[in-house]
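sequence first, then the predicted structure:
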Amino acid sequence: MSTVKRVAKNTLWLTLAEIGAKGLGFVIAIIIARYLGPEDFGRYAFAISFVTLFMVLADFGMRPLLVREVARNNQLAEKYLANFLTLKIWLTFVLFGAVALALWIYGTPLDLFILTMVAAVEIGINSFSEIFRGVFQAFERMKYETTSRILNKFLILVGVVAAVVLGLRTLSIMLVLLISGIVTVIYTIVVCQKHFAKIKLAFDKVFIKEALKQSALFAVTNIFISVYFKIDTVMLEKMRSATEVGYYNTAYELVFAFMFVPTVFSAAVYPVLSRFFKENPGKIQALVARFAKYYLLAAIALVTFLMLLGGPLIKLFFGAQYEPSVFLFQQLAVVLIFVFLNYLSGTLLNASNKQVVSTWASGICAAANVGLNLWLIPVYGASGAAVATIITEAILCLITFIYIDRRLYRIFTRENLFKGFKVFLAVIATGVLAYFSAKVNIYLGTVASLGLFIGLIFALRLYNPQDREYLKVILRRKSTPPSVPGDSE
């Protein structure tokens, strides 16, 4: 099979995995949230979030290192797998011990302690699946990753539905996750043994020591990401209540269900930027501002839709019992503007071989997020956690784009700032219409506001024929961009 066909096939499998796993995951979250109610769902969300903070202890960046090295030389698969499995067994027990100690220090009640420890076992078991999926990825056989991920979610869905029918509660649902994880691990072991490498254990001291040194950066990045996305839930439970955690995580789940949009955008943009960086970095200069504009306009349109329909969406998916989540959802929707732009900056930094900048920027933001939550949650509760998330994403956006502007490609030019001002005018006009029209009819207000925003995009020349050519570069993966000199509008 040619390289192009292989990449296309793997991309298709990964897309199916992303859509299938995320879709089933969202359905599972809806069922659990509606069935358990805000308080018990908050306890469930706390247990998952708390363990996630320690997940790096069971992984320590082993999967990306295995993928990188085995992809370069498939003959190393058995060596990496055998040593990493041995190391992972020890690290999983470290994970259990660290979680148990932290829960004891945290002063967790016995029932929540047991629930969280079951979550720790489940996440520890799933970390083994990640190693085997890394082997599948290194051999570029992504269909096995797709089937394993969807199998896991399907088993959870079936188990959760069964638990609901039988009237079982939170601990039983967590045990469903654990059993599904065990079955998934067995599946990945069988596939790996049959198609890729023999399953055995080894302990090469020198090899493991060198591997841990190389995986350290991956591990640090994972720590920052875990703190960045999960610390608010843990702090909210400690400072306020499990019920508020339930309201907050319901809004959070629904907002971040739309993360597939920038994910798809970035999957299309990344190869284009990577190719231009290698062939002619000068071409990226003209692309960056345009891509930022596309991301920003798409984000604003989506945020307008979500903020206006926040109430109906929450009630539709989670029920009237989660009405306090509506305002939290509308707050968190704003964060998507910065999330979209951060996806672009991260993609651009990776394409330009500047991944370490993303790592340290994430570290700064993780620390900022902890500080903001310590300040805002005691006073404003879940709403304060939402504000902390928005500010943190804004800080990340500012750091990365300032770095890109000063060290890589000029972004804050007079021309680009003027385009940004036009976007601002479009947002203000749309916001005013949305505010008043929603009082008359929320659905007509949504249609009218989005219609006005799209009309202003064309009226203010934020989209023109040349943009059409640039979008073809992304969608058709052309190797030659439209005429760059002057980049006139």
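Perfect, I can see it now. Numbering: from 1, shown residues only.

host element of Ile28?
Assigned by DSSP states H and E, Ile28 belongs to helix 3-52.

mean confidence for that helix?
Mean pLDDT, computed over helix 3-52, is 82.

who does it touch, helix- and strand-wise?
Here helix 3-52 touches helix 77-106, helix 110-138, helix 142-166, helix 170-195, helix 205-239, helix 242-256, helix 260-279, helix 310-318, going by 3 or more Cβ pairs under 8 Å, 6 or more residues apart in numbering; DSSP states H and E. Where C-beta positions appear, they are placed from N, C-alpha and C, glycine not excepted.

rerun at 6 Å
On a contact count with 3 or more Cβ pairs under 6 Å, 6 or more residues apart in numbering; DSSP states H and E, helix 3-52 meets helix 110-138, helix 142-166, helix 205-239, helix 242-256, helix 310-318.

pick out the shakiest of those helices, pLDDT-wise.
Within the helices and strands packed on helix 3-52, the stretch with the lowest mean pLDDT is helix 205-239, showing a mean of 84.

got the buried residues for that one?
By 16 or more other Cβ atoms under 10 Å, the buried positions in helix 205-239 come out as 207, 211, 215, 218-237, 239.

quick one: the helix holding Ile28 to helix 110-138, angle?
Angle, helix 3-52 to helix 110-138, by axes from the mean of the first three to the mean of the last three Cα atoms, to 10 degrees: 160 degrees.

would you mind identifying the next helix or strand past helix 3-52?
Later in the chain than helix 3-52, the nearest helix or strand by DSSP H and E is helix 56-59.

for the helix or strand just after that following helix, list the C-alpha coordinates in CSV.
Heading C-terminal from helix 56-59, the first helix or strand you meet, by DSSP H and E, is helix 62-72. The C-alpha trace of helix 62-72 is given here as CSV (Å, rounded to 0.1, in the frame of the first residue of the first chain):
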residue,chain,number,x,y,z
MET,A,62,5.5,5.7,27.7
ARG,A,63,3.0,5.5,24.9
PRO,A,64,4.3,8.5,22.8
LEU,A,65,7.9,7.3,23.3
LEU,A,66,7.0,3.7,22.2
VAL,A,67,5.2,5.0,19.2
ARG,A,68,8.1,7.2,18.1
GLU,A,69,10.8,4.6,18.5
VAL,A,70,8.9,1.5,17.3
ALA,A,71,7.6,3.5,14.2
ARG,A,72,11.3,4.1,13.3
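
mind checking how far helix 62-72 is from the chain centre?
Distance, stretch centre to chain centre, for helix 62-72: 21 Å (Cα atoms, centre = their mean, to the nearest Å).

I'd assumed Gly134 was in contact with Arg63.
Yes: assessed by Cβ atoms under 6 Å, Arg63 is found in contact with Gly134 at 4.0 Å.

which of the two has more residues huddled nearby?
More crowded of Arg63 and Gly134, by other Cβ atoms under 10 Å: Gly134, with 25 against 22.

report the contact partners of the more buried one.
Contact analysis of Gly134 by Cβ atoms under 6 Å, 6 or more residues apart in numbering lists 63, 66-67.

the helix holding Ile28 vs helix 142-166, what angle?
Helix 3-52 runs at 40 degrees relative to helix 142-166, counting by the same axes, to 10 degrees.

just want the angle from helix 3-52 to helix 242-256.
If you take the same axes, to 10 degrees, helix 3-52 sits at 170 degrees to helix 242-256.

could I get the helices and strands packed on helix 3-52 as CSV with distance to Lys22?
Shown next, in CSV, are the helices and strands packed on helix 3-52 (distance: least, Cβ to Cβ, whole Å):
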stretch, distance to Lys22
helix 110-138, 16
helix 142-166, 9
helix 205-239, 15
helix 242-256, 10
helix 310-318, 15
